[in-house]
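[1] Structure, please.
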Amino acid sequence: MSLDWIYYAISWILLTWHSAWDAIGVPVDAVLGTNWAWILAIIFLVVTVRVILFPVFVKQIKSQRAMQALQPKVKELQDKHKGDRETLQKEMMELYRKEKANPLMGCLPMFLQIPVFLSLFHVLKHLKPTMSDQNKTLYGWTLDQFNSASNAKIFTAPIAGKFGSTADELARLGANGTTVKVIAGILVLVMMGTTYLTSRQMILKTGWAEDPQQRMVQRLMLYGIPLSLLVSGSIFPIGVIIYWVTNNLFTLGQQQWVLRKFPPLVTNKGVAGNKATTTTTGRGPVQPAKTGGFLNRNKPVAQVPAKPAAPKIAGPKPGAKPANPKKGPAKRQG
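    This is a model prediction of the structure:
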């Protein structure tokens with residue numbers, strides 16, 4: 001299946017933003033060794049994609065809340081079907097279906113951004129000054145736009161260059177190999193760090209899942225993906241790494257806003273008939289701090305404070321004579 005339509009879409013957004021910054025008056029020539037119009041075009045490509053995917057992000061948060069609320073029931077099933085993995089999986093799938101919770105929804109925004117990432121990778125990979133004029137005008141580019149982008153730099157490192165660029169590729173880009181490696185290396189480390197922080201931020205707020213499969217996915221997101229970028233980052237063009245870092249920073253800010261405005265449930269393991277319960281510090285079921293809005297459109301439920309328990313009065317010991325409160329203490333006989 002041809003992916004040209006995605007390449008055209010990403011190119012159109014990128015070129016539209018570049019034209020907008022150029023019209024505003026952002027310098028076309030390099031300032032501090034950087035062509036800011038192209039850097040801003042990549043940054044606002046991220047903004048455009050994230051705005052389009054915002055409804056999916058809302059569904060992701062709702063799904064994570066639903067999965068968190070189901071953790072006590074998941075724990076019950078694990079205890080009930082311990083050692084019977086096949087039955088456990090069937091029961092859990094039935095639970096997810098009944099409660100309309102989707103374990104995969106938490107990863108959906110990331111999966112939807114993969115085509116955008118690959119398309120930008122493909123487009124920037126072709127920014128070579130030695131390309132034929134016919135290839136320069138692919139995906140809706142003009143010759144002037146292609147020539148401008150192929151010479152675009154960030155701190156004198158071409159955005160089409162990468163850490164693993166060969167000497168021949170660097171020569172075609174007119175780039176210094178040491179400069180490219182330093183800039184690309186720093187950006188790869190920032191990309192790894194921000195990728196780790198986005199996963200850690202969500203896990204710290206929602207907690208580790210009880211379901212082993214969900215916990216495995218969380219560990220993969222937290223440790224596996226950032227470590228894999230140490231190797232794969234060497235083949236990413238610098239412009240693609242800028243996209244990834246910007247996307248991570250956008251995610252950090254968006255998650256922080258949502259988690260602060262709509263705090264997740266706090267789950268503690270209580271004991272009530274050997275069943276896990278969702279509680280706070282002994283004050284009954286947790287309710288979201290705020291209701292309504294795009295995450296919860298149900299009306300808030302009024303909480304009735306519990307009546308204090310009546311103090312217990314100790315009764316007489318077995319065999320003891322009943323005490324008469326009207327009489328004073330018995331006189332001691334001599």
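
[2] okay, CA-based contacts and neighbour counts for the rest of this
    Noted.

[3] Apart from its neighbours in sequence, what residue is nearest Gln145?
    Distances taken as Cα to Cα, 6 or more residues apart in numbering place Leu15 nearest to Gln145, at 7.9 Å, with adjacent residues excluded.

[4] Pull out the buried positions in the one helix or strand the one you found maps to.
    Element membership for Leu15 (DSSP states H and E) is helix 4-24. For helix 4-24, a neighbour-count test (16 or more other Cα atoms under 10 Å) marks 6-8, 10-15, 17-19, 21-22 as buried.

[5] pLDDT averaged over it - what is it?
    For helix 4-24, mean pLDDT is 93.

[6] Which elements pack onto it?
    helix 36-52, helix 108-125 (3 or more Cα pairs under 8 Å, 6 or more residues apart in numbering; DSSP states H and E).

[7] and Lys82, that one's in a helix?
    No - counting by DSSP: H, G, I helix; E, B strand; the rest coil, Lys82 falls outside a helix, being coil.

[8] residue contacts, it?
    Residues in contact with Lys82 (Cα atoms under 8 Å, 6 or more residues apart in numbering) are Leu88.

[9] Show me where the stretch 201-334 of the chain dips below the pLDDT cut-off.
    Applying pLDDT under 70 to the stretch 201-334 of the chain flags residues 206, 210-211, 262, 264-334.

[10] ok, now how distant is the residue nearest to Gln145 from Gln60?
    30 Å (Cα to Cα, to the nearest Å).

[11] For whichever helix in the chain runs longest, list every residue counted as buried.
    What stands out as the longest helix in the chain, according to DSSP state H, is helix 177-206. Buried residues in helix 177-206, defined by neighbour count with 16+ other Cα under 10 Å: 177, 180-181, 183-185, 187-192, 194-203, 205-206.

[12] How far does it sit from its chain's centre?
    From the chain centre to the centre of helix 177-206 is a distance of 14 Å (Cα atoms, centre = their mean, to the nearest Å).

[13] coming back round to it: OK, contacts around the residue nearest to Gln145?
    So Leu15 contacts Ala41, Trp141, Gln145 (Cα under 8 Å, 6+ apart).

[14] Now which of those residues would you call buried?
    Here, 16+ other Cα under 10 Å leaves Ala41, Trp141 buried among those.

[15] what's the closest of the contacts of Leu15 to Leu70?
    Ala41 (42.2 Å; Cα to Cα).

[16] isn't there a strand covering Trp208?
    No - Trp208 is assigned coil when assessed by three-state DSSP, not a strand.

[17] what's the burial count for the closest residue to it other than its chain neighbours?
    Using Cα to Cα, 6+ apart and skipping the chain neighbours, the partner closest in space to Trp208 is Arg215 (6.3 Å). Neighbours of Arg215 under the rule other Cα atoms under 10 Å: 14.
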